[in-house]
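K.L.:
Fold the following and give me the result.
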Amino acid sequence: MSTTPKVLVKEKVGPSGIEALKEAGFEVDLGIDWDDETFLQKLPEYDGVLIRSATTFTPELIETASNLKVIGRAGVGVDNVDIAAATKRGIIVVNAPQSNVVTAAEHTVALMMSLARNIPRANAGMHAGKWERSKLSGVELYGKTLGVIGFGRIGQLVAERAKGLAMNVIAYDPYVSAERYKEMGVEKAEDSDAIYAVADFITIHLPKTPETTGWLGTEAFTKTKEGVRVLNVARGGLIDEEALKVALDDGRVGGAALDVYASEPETDHILRGYDNVILTPHLGASTAEANDRAGFQAAEQIVAALSGGTVTTAVNAPAVGKEDLEVLTPFVPLAVSLGRIAVELAGGSSVERIEVEALGRIGERDVRPLSLAVLRGVLQGRTEEHVNDVNAPGIAKERGIEIAETTRSQARDFTDLVRVTVVSGGERHRVVGTTLGRQDRPYLLEAWGQRFNLQLDGNLLILRYADQPGMVGRIGQFLGEKDVNIEQAAVGYHQDAEGTRGAHAVMLITTDQPVWNDTLQQILALDGIEDGRTVTL
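P.N.:
Purely as a prediction, here's the structure:
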């Protein structure tokens with residue numbers, strides 16, 4: 001029997017990807033035109049499969065692939081592969097996360113230049129036999145200020161190119177270190193309002209989450225410079241298109257360029273026909289080079305997986321010893337929650353460093369899964385990329401976030417403890433937790449300098465307030481009036497060596513539904529409330 005790995009290229013990819021597989025000595029078959037029956041019948045023959053987005057690997061299909069060791073996705077998203085089922089079977093799933101970042105950045109800059117010089121309208125006029133030179137005077141990019149909201153991979157590439165055009169660049173992203181801004185010569189904005197006040201052009205590169213949906217909306221447009229031009233080549237829905245229409249109509253926004261939409265395909269957009277609006281059909285990743293790069297990068301990862309090399313873009317968990325996993329697995333959800341809570345307590349400043357401490361019996365193990373879980377908690381929903389155990393360290397490095405990991409074989413008061421500290425704006429924000437009981441339920445033991453013992457579940461509200469009678473009742477009454485039911489509550493306060501209480505206390509509350517930001521702001525307006533955060537776990 002031949003030991004040469006067999007790889008199926010199920011969908012059309014660039015020739016460089018196929019050539020990379022052949023050069024590795026693999027037996028390569030092309031199944032681009034196979035029907036479902038043929039694919040199902042022949043799949044058990046292959047060690048690896050290279051796909052794009054049209055092939056869906058369900059748990060049932062994965063179960064059929066009895067010899068499969070790796071699935072390569074020639075692109076970024078892996079929604080068409082059941083990751084849990086693949087992981088259970090020991091199948092590595094790899095993708096090509098870097099394949100389209102240059103392409104998306106270049107498309108952003110192309111749209112920005114087109115907006116500045118009215119190129120689409122000028123081109124359309126010439127093709128229509130019109131000479132409209134006097135109507136189409138534009139603006140220079142030289143010396144203008146570009147505001148970048150979301151300073152991840154693509155945002156940073158856009159900034160580099162804008163600086164090459166002699167633009168001033170200001171960016172907002174609290175999950176990028178201050179040092180990284182300095183390295184790139186980009187001004188760090190403390191919030192998006194600082195960008196609105198000065199930017200001539202604004203480009204948005206955020207992930208799509210409930211918090212970021214409609215980020216550029218009515219309120220934002222009231223704060224922007226008059227005549228600002230805005231761009232979205234990231235995710236549909238980051239710009240409130242109805243609010244954008246109003247801002248264009250009243251002249252507050254001078255132009256817009258959109259490549260992505262709330263619903264796609266989009267053929268009857270509300271801004272269709274606007275002279276100062278450029279609409280492109282989601283072309284951000286659509287270049288021959290990006291398509292070829294995606295196939296090649298995915299093929300490289302397949303080669304690494306089947307030849308014992310280093311796999312760098314696996315989207316399922318890296319290998320950790322079975323015995324270590326048995327001990328650490330109950331602490332992984334806790335670590336994710338602690339990362340999320342710590343970064344929320346840090347507020348909106350730059351994240352410079354994340355410290356993970358594993359104390360007790362877990363400190364005697366390979367604690368990488370805990371550190372990676374903390375990173376997921378810190379970064380998830382705050383970057384353009386979907387964060388997983390493999391790409392989390394790379395994303396943190398790109399953003400200038402340092403990771404420190406320490407272990408100790410003893411823990412005070414508890415068998416095991418996980419401590420997470422986020423260093424942000426020169427301040428340290430530490431949270432501590434453990435698991436308790438037969439079901440290993442996660443508990444929060446310390447936050448905002450106070451100690452507790454509260455089971456973490458669902459929706460968490462953290463408040464710091466003046467330590468005076470009646471505060472707990474006032475908070476409970478307010479939540480009741482908002483139809484928010486308190487499920488658990490715990491209070492922590494400072495006490496010195498003589499037993500004297502400090503001036504402040506901290507209260508943790510879990511609720512039956514999320515406490516949204518508008519409700520939180522109303523709570524913060526109550527007498528005696530000094531600060532607060534809300535976290536959905």
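
K.L.:
ok, now which ones touch A256?
P.N.:
Neighbouring residues of A256 by CB atoms under 8 Å, 6 or more residues apart in numbering: 115, 229-231, 239, 244, 248, 271, 274, 276-278. To be clear about C-beta, it is placed using only N, CA and C from the backbone, and glycine gets the same treatment.

K.L.:
which one among the residues you listed gets closest to G295?
P.N.:
The nearest member of these to G295, counting by CB to CB, is L231 at 28.4 Å.

K.L.:
Please, which helix or strand holds the closest one?
P.N.:
strand 228-232 (DSSP states H and E).

K.L.:
Remind me what that strand packs against, helices and strands.
P.N.:
Counting by 3 or more CB pairs under 8 Å, 6 or more residues apart in numbering; DSSP states H and E, the packing neighbours recorded for strand 228-232 are helix 101-117, strand 201-204, strand 253-258.

K.L.:
CA atoms only: put that strand into CSV for me.
P.N.:
Extracted C-alpha coordinates of strand 228-232, given in CSV (Å, rounded to 0.1, in the frame of the first residue of the first chain):
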residue,chain,number,x,y,z
VAL,A,228,-16.0,64.4,6.1
ARG,A,229,-15.8,61.4,3.7
VAL,A,230,-16.4,57.9,5.2
LEU,A,231,-15.4,54.5,4.0
ASN,A,232,-16.4,50.9,4.9
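
K.L.:
just checking, what packs against the helix or strand following that strand?
P.N.:
Next along the chain after strand 228-232, taking DSSP H and E as the criterion, comes helix 241-249. On a contact count with 3+ CB pairs under 8 Å, 6+ apart, helix 241-249 meets helix 218-221, strand 253-258.

K.L.:
Give me the residues contacting helix 241-249.
P.N.:
214, 216-218, 221, 224, 230, 253, 255-256, 258, 261-262, 269-271, 274, 276-277.

K.L.:
now the angle from it to strand 253-258?
P.N.:
With axes from the mean of the first three to the mean of the last three CA atoms, to 10 degrees as the basis, helix 241-249 and strand 253-258 are set at 140 degrees to each other.

K.L.:
Please give the centre-to-centre distance between helix 241-249 and its chain.
P.N.:
With CA atoms, centre = their mean, to the nearest Å as the basis, helix 241-249 stands 27 Å off its chain's centre.

K.L.:
Show the contacting residues for P330.
P.N.:
P330 neighbours (CB under 8 Å, 6+ apart): 435, 440.

K.L.:
hmm, try it at 10 Å
P.N.:
Counting by CB atoms under 10 Å, 6 or more residues apart in numbering, P330 makes contact with 362, 416, 435, 439-442.

K.L.:
again, but for T435
P.N.:
Residues in contact with T435, defined by CB under 10 Å, 6+ apart, are 330-331, 333-334, 362, 414-418, 441-443, 455-456.

K.L.:
Where helices are concerned, which of these count?
P.N.:
Using DSSP state H, the members of these that fall in helices are 333-334.

K.L.:
who wins for neighbours among the contacts of T435?
P.N.:
In terms of neighbours by other CB atoms under 10 Å, these top out with V418 at 31 neighbours.

K.L.:
doesn't E355 make contact with that residue?
P.N.:
No: in this structure, V418 is not within contact of E355 by CB atoms under 10 Å, at 11.3 Å.

K.L.:
Check the contact lists of the two and give me the overlap.
P.N.:
Residues touching both V418 and E355 by CB under 10 Å, 6+ apart: 371, 374.

K.L.:
can you count the residues close to S134?
P.N.:
Neighbours of S134 under the rule other CB under 10 Å: 6.

K.L.:
Is it located within a strand, as I assumed?
P.N.:
No: counting by DSSP: H, G, I helix; E, B strand; the rest coil, one finds S134 to be helix, located in no strand.

K.L.:
roughly how far apart are it and L370?
P.N.:
Counting by CB to CB, to the nearest Å, the separation of S134 from L370 is 65 Å.

K.L.:
Could you pull up the mean pLDDT of stretch 177-192?
P.N.:
Averaged over stretch 177-192, pLDDT sits at 95.

K.L.:
if we can go back for a sec, including distance to V303 and mean pLDDT, could the helices and strands packed on helix 241-249 go into CSV?
P.N.:
CSV is the format used below for those (distance: least, CB to CB, whole Å; pLDDT from 0 to 100):
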stretch, distance to V303, mean pLDDT
helix 218-221, 46, 97
strand 253-258, 38, 98
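
K.L.:
for the host helix or strand of T421, what is the average pLDDT?
P.N.:
Assigned by DSSP H and E, T421 belongs to strand 416-424. Across strand 416-424, the average pLDDT comes to 96.

K.L.:
Packing partners of that strand?
P.N.:
Applying 3 or more CB pairs under 10 Å, 6 or more residues apart in numbering; DSSP states H and E, one finds that strand 416-424 contacts helix 332-345, strand 351-360, helix 368-379, strand 402-408, strand 427-436, strand 441-447.

K.L.:
That strand pairs with which strands, and in what direction?
P.N.:
strand 351-360 (antiparallel), strand 427-436 (antiparallel) (DSSP bridges).

K.L.:
just to revisit the earlier point, let me have the contacts of A256 in JSON lines, adding distance to R399, pLDDT and neighbour count as columns.
P.N.:
Listed next are these as JSON lines, based on distance: CB to CB, whole Å; pLDDT from 0 to 100; neighbours: other CB atoms under 10 Å:
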{"residue": "L115", "distance to R399": "28", "pLDDT": "97", "neighbour count": "24"}
{"residue": "R229", "distance to R399": "27", "pLDDT": "98", "neighbour count": "25"}
{"residue": "V230", "distance to R399": "24", "pLDDT": "98", "neighbour count": "26"}
{"residue": "L231", "distance to R399": "22", "pLDDT": "98", "neighbour count": "26"}
{"residue": "I239", "distance to R399": "24", "pLDDT": "97", "neighbour count": "28"}
{"residue": "L244", "distance to R399": "29", "pLDDT": "98", "neighbour count": "25"}
{"residue": "L248", "distance to R399": "33", "pLDDT": "98", "neighbour count": "19"}
{"residue": "L271", "distance to R399": "33", "pLDDT": "97", "neighbour count": "15"}
{"residue": "Y274", "distance to R399": "36", "pLDDT": "96", "neighbour count": "16"}
{"residue": "N276", "distance to R399": "34", "pLDDT": "96", "neighbour count": "16"}
{"residue": "V277", "distance to R399": "32", "pLDDT": "97", "neighbour count": "21"}
{"residue": "I278", "distance to R399": "30", "pLDDT": "98", "neighbour count": "22"}
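
K.L.:
Tell me the one among those nearest to A342.
P.N.:
I239 (30.5 Å).

K.L.:
pretty sure the closest one contacts I270?
P.N.:
No: assessed by CB under 10 Å, I239 is found out of contact with I270, at 11.8 Å.

K.L.:
The residue positioned nearest the centre of the chain and E427, how far apart?
P.N.:
In the chain, the residue lying closest to the centroid (CA atoms, centre = their mean) is T383, at 2.6 Å. Distance of T383 to E427, given as CB to CB: 22 Å.

K.L.:
What is the burial count for A124?
P.N.:
Here the number of neighbours of A124 (other CB under 10 Å) works out to 12.

K.L.:
Just the mean pLDDT for the helix or strand that contains it, thanks.
P.N.:
Using DSSP H and E, the element containing A124 is helix 119-127. Averaging the model's pLDDT scores along helix 119-127 yields 95.

K.L.:
Where does the prediction get shaky in the stretch 201-350 of the chain?
P.N.:
317-321 (pLDDT under 70).

K.L.:
same thing but at 50, please
P.N.:
Low-confidence segments of the stretch 201-350 of the chain (pLDDT under 50): none present.

K.L.:
Enumerate every residue touching N459.
P.N.:
Taking CB under 10 Å, 6+ apart, we find N459 in contact with 484, 487, 509-515, 534-537.

K.L.:
ditto for G72
P.N.:
So G72 contacts 7, 9-10, 13, 17, 21, 48-52, 81, 92-96, 294-295, 297-303, 305, 313 (CB under 10 Å, 6+ apart).
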